[in-house]
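Participant: how would this look folded up:
(one chain, ligands or ions: 1)
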Amino acid sequence: MRLTAKMANTILNSLDALCFTDTNGRYVYANSKWSEFTGIPLEDAHKYRLHDVVPEAGSITTLQTQKPVMDYTVTINGKTLFCSSFPIFDEGRFNGVLSITRMTGLRFATDLANKVIRLSQELAERDAKIQSLAKCSYSINNLIGDSVPMRKLKEEIVLVSRSKSTVLIEGETGTGKELVAHAIHSLSPRSAERMVRINCSAIPSELVESEFFGYVEGTFTGASKAGKIGKFELANHGTLFLDEISQLPLALQPKLLRPLQESEVERIGGKQPIPIDVRVIAATNVPLVEQMKKGLFREDLYYRINIIQIHVPPLRQRKEDIPLLVSTFLTTLNAQLNTTVSHVDDAVMVLFLNYDWPGNVRELRNVMEAALNRAQGEDTLLARHVEQLLTHKLPEPAAVSGGLNPAAARIPSSREEMLKYIESRKGNKSIIAKELGISRTTLYKLLKEYKLY
Ligand SMILES: Nc1ncnc2c1ncn2[C@@H]1O[C@H](COP(=O)(O)OP(=O)(O)OP(=O)(O)O)[C@@H](O)[C@H]1O
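Facilitator: Alright, predicted model coming up:
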């Protein structure tokens, strides 16, 4: 049997949509399924070029590159089709493009493709969420310390994390206010959303407004074309951490009143208020009430921010946390610095307990880091590694001289001194611990070190 032109035509028409275009992209042949999909009568096919029917399809790429393009999609008259295009050569000369539409299982394939697209979007969203969670992987456990003030602080954190009210965290520099803010956020029902931090002292005053509220497109020359989202909007459903709030220029302070009071913001140049659901946590190392009295902080803003207040105690008021902080930092810093210091000499601990840490935990960590660098290759941190690092001038020792001011009391640094001191207090451990600003447990540890217990 010989294949006639009629038979060939019947075969071609029984296939899925198929067409052949010349090197200019003009249709030379198309079958009836192609006509069905494109809505172009077969007798008119030659009047069209690929660019008119499928302007962005793989067949055009094949026309330009003379290379096959497999399994791309084209949408014609609202229907999505899977196609492949092949270059046709005749004795090595490029002759045109054959495009075949693969209809089999199209429904299944498009459903599957849609599913893949949806799943990859979901995955991207989840990834973003995991990343924001990882960024805020600070939990309450990152706050090292088991002293009474720290336990009280942790209890407060748990309590306030459940509320949506604005929190003001006060405390000296380096006490861990940012860690507290992270802990509140990560314990709150908003923990899956992000916590956005804004350092009020680090933004130039002319940029404060656009940082807080963003701007709409084309607001000013030099501004991003697409406009900019402000930090309040960015923190929507999450937490906005306003660090160093006391440094916010007085003239700009009223701008915060509306978002805090009305829960809405307006982008610069925008016409519509945007509702926001943000929990605000502010932190300061200068008491805001004093700033307010000096006229540096607006009273109305103060009362809007100071709803729940948390005070982070300085390290000198919780010296019993020092041994735990030291051993935690020793582990993390050894790993970071590649050092192998496994012990801290008692003399170092005494120096640490006697120091008043004006830079608080941050200073302790920095001193440890510098000391470990000095102790490279050794396995014990010794007094000579730290002495020169404790630069703050301490008040005159009061404990041995008989003073009763606990803030000024210095822990005796030798067995004899300690013995003398204990005698002067008639052995009363409660008074001694109170004067030295340490817990009774820490005192007993010290006494054990001096072999006095
Ligand atoms: N209780 C703590 N446990 C472990 N690390 C702490 C603790 N408190 C502070 N730190 C560490 O000390 C450093 C300073 O902490 P943080 O930035 O939270 O302090 P801050 O009070 O916000 O300081 P500032 O007022 O200067 O911004 C950080 O490295 C932090 O991890």
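
Participant: going forward, measure contacts between C-alpha atoms and count neighbours the same way
Facilitator: Will do.

Participant: Around the ligand, pick out the residues from the chain.
Facilitator: Within the chain, the residues that sit near the ligand (C-alpha under 6 Å from any ligand atom) are 142-145, 173-179, 285, 361-362.

Participant: let's go with 8 Å and repeat that
Facilitator: When proximity is defined as C-alpha under 8 Å from any ligand atom, the chain approaches the ligand at 142-145, 150, 171-180, 243-244, 283-285, 312, 325, 360-363, 365.

Participant: Would you mind writing the ChimeraX command to select the buried ones in the residues you listed?
Facilitator: For the buried members of the residues of the chain next to the ligand, the matching ChimeraX selection, counting by 16 or more other C-alpha atoms under 10 Å, is:
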select :143,144,145,150,171,172,173,174,175,176,177,178,179,180,243,244,283,284,285,312,325,360,361,362,363,365
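
Participant: Which ones among the residues of the chain next to the ligand map onto strands?
Facilitator: Counted as lying in strands by DSSP state E, out of the residues of the chain next to the ligand, are 171, 243, 283-284, 312.

Participant: can you confirm residue 419 is in a strand?
Facilitator: No. Read with DSSP: H, G, I helix; E, B strand; the rest coil, residue 419 is helix and lies in no strand.

Participant: who touches it in this structure?
Facilitator: With contact taken as C-alpha atoms under 8 Å, 6 or more residues apart in numbering, residue 419 is in contact with residue 452.

Participant: Give me the distance between it and residue 412.
Facilitator: Look at residue 419 and residue 412: by C-alpha to C-alpha, to the nearest Å, they are 9 Å apart.

Participant: By mean pLDDT, point me to the weakest helix or strand of this protein.
Facilitator: When each helix and strand of the chain is scored by mean pLDDT, DSSP states H and E, helix 106-135 comes last, with a mean of 69.

Participant: For the ligand, give me its nearest residue in the stretch 201-350 of the chain.
Facilitator: Going by C-alpha to the nearest ligand atom, the ligand is nearest to residue 285 of the stretch 201-350 of the chain, at 5.2 Å.

Participant: hang on, isn't residue 17 packed against residue 34?
Facilitator: Yes. Residue 17 lies in contact with residue 34 (C-alpha atoms under 8 Å); the separation is 4.3 Å.

Participant: the domain parsing of this protein - what is it?
Facilitator: Domains of the chain are assigned by automatic domain parsing as 5-104, 136-313, 317-449.

Participant: Export the ones you listed as CSV, with columns for mean pLDDT.
Facilitator: As requested, those are exported to CSV (pLDDT from 0 to 100):
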stretch, mean pLDDT
domain 5-104, 88
domain 136-313, 91
domain 317-449, 83
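
Participant: now for those, which one comes closest to residue 120?
Facilitator: domain 5-104 (18.3 Å; C-alpha to C-alpha).

Participant: Can you get me the centre-to-centre distance for that closest one and its chain?
Facilitator: 50 Å (C-alpha atoms, centre = their mean, to the nearest Å).

Participant: Check stretch 383-394 too.
Facilitator: Taking mean C-alpha positions (C-alpha atoms, centre = their mean), stretch 383-394 and its chain are 35 Å apart.

Participant: ditto for stretch 371-384
Facilitator: When C-alpha coordinates are averaged (C-alpha atoms, centre = their mean), stretch 371-384 and its chain have centres 34 Å apart.

Participant: how about that stretch: buried residues?
Facilitator: 371-373, 375, 380-383.

Participant: what do you get for stretch 385-392?
Facilitator: Buried, per 16+ other C-alpha under 10 Å, within stretch 385-392: 385-386, 390.

Participant: just stretch 277-294 next, same as before
Facilitator: Result for stretch 277-294 [16+ other C-alpha under 10 Å]: buried residues 277-286, 288-289, 291-292.

Participant: can you tell me the helix or strand for residue 83?
Facilitator: strand 79-90 (DSSP states H and E).

Participant: how much space between the closest residue to the ligand within the stretch 51-200 of the chain and residue 9?
Facilitator: At 3.2 Å from the ligand, residue 176 is the closest residue in the stretch 51-200 of the chain, using C-alpha to the nearest ligand atom. Per C-alpha to C-alpha, residue 176 is found 81 Å from residue 9.

Participant: same thing with residue 323?
Facilitator: 90 Å.

Participant: ditto for residue 67
Facilitator: Going from residue 67 to residue 9 by C-alpha to C-alpha gives 27 Å.

Participant: neighbour count winner among the two?
Facilitator: Taking other C-alpha atoms under 10 Å, residue 67 and residue 9 do not tie; residue 67 has more neighbours (16 against 12).

Participant: List phi and psi for the more buried one.
Facilitator: With angles defined as degrees, to the nearest 10, residue 67 sits at phi -120, psi 150.

Participant: For it, give me its contacts.
Facilitator: 61, 86-87.

Participant: need those in a markdown table with neighbour count and distance to residue 78, can you?
Facilitator: Below are the contacts of residue 67 laid out as a markdown table (neighbours: other C-alpha atoms under 10 Å; distance: C-alpha to C-alpha, whole Å):
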| residue | neighbour count | distance to residue 78 |
| --- | --- | --- |
| 61 | 15 | 22 |
| 86 | 20 | 24 |
| 87 | 22 | 27 |
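
Participant: and which of those residues is nearest to residue 334?
Facilitator: Nearest to residue 334 among those: residue 61, at 57.7 Å, using C-alpha to C-alpha.

Participant: For residue 327, see how far away the closest one is.
Facilitator: Taking C-alpha to C-alpha, one finds residue 61 at 64 Å from residue 327.

Participant: follow-up on the earlier one: of all the buried residues of stretch 371-384, which two lie farthest apart?
Facilitator: Maximum pairwise distance among those (C-alpha to C-alpha): 13.8 Å, between 373 and 383.

Participant: what touches both of the two?
Facilitator: Shared contacts of residue 373 and residue 383, defined by C-alpha under 8 Å, 6+ apart, are absent.

Participant: Now residue 28: which helix or strand?
Facilitator: Applying DSSP H and E as the criterion places residue 28 in strand 27-30.

Participant: Give the pairing partners of that strand; include direction for each.
Facilitator: Strand pairing for strand 27-30, determined by DSSP bridges: strand 18-22 (antiparallel).

Participant: what angle do the strand it pairs with and strand 79-90 make?
Facilitator: Relative orientation of strand 18-22 and strand 79-90, computed by axes from the mean of the first three to the mean of the last three C-alpha atoms, to 10 degrees: 50 degrees.

Participant: In PDB, list the C-alpha atoms belonging to strand 18-22.
Facilitator: Below are the C-alpha coordinates for strand 18-22, written out as PDB (Å, rounded to 0.1, in the frame of the first residue of the first chain):
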ATOM      1  CA  LEU A  18       0.100  21.100  14.300                       C
ATOM      2  CA  CYS A  19       1.500  23.700  12.000                       C
ATOM      3  CA  PHE A  20       4.500  24.500   9.800                       C
ATOM      4  CA  THR A  21       5.800  27.900   9.200                       C
ATOM      5  CA  ASP A  22       8.500  29.100   6.800                       C
END
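
Participant: what sits up against it?
Facilitator: 12, 27-31, 33-34, 49-50, 95-101.

Participant: go on, stretch 170-185?
Facilitator: 136, 138-140, 142-143, 157-158, 160-161, 169, 191, 195, 239, 241, 243, 281, 283-287, 309-315, 359-363.

Participant: With that, I have no additional questions.
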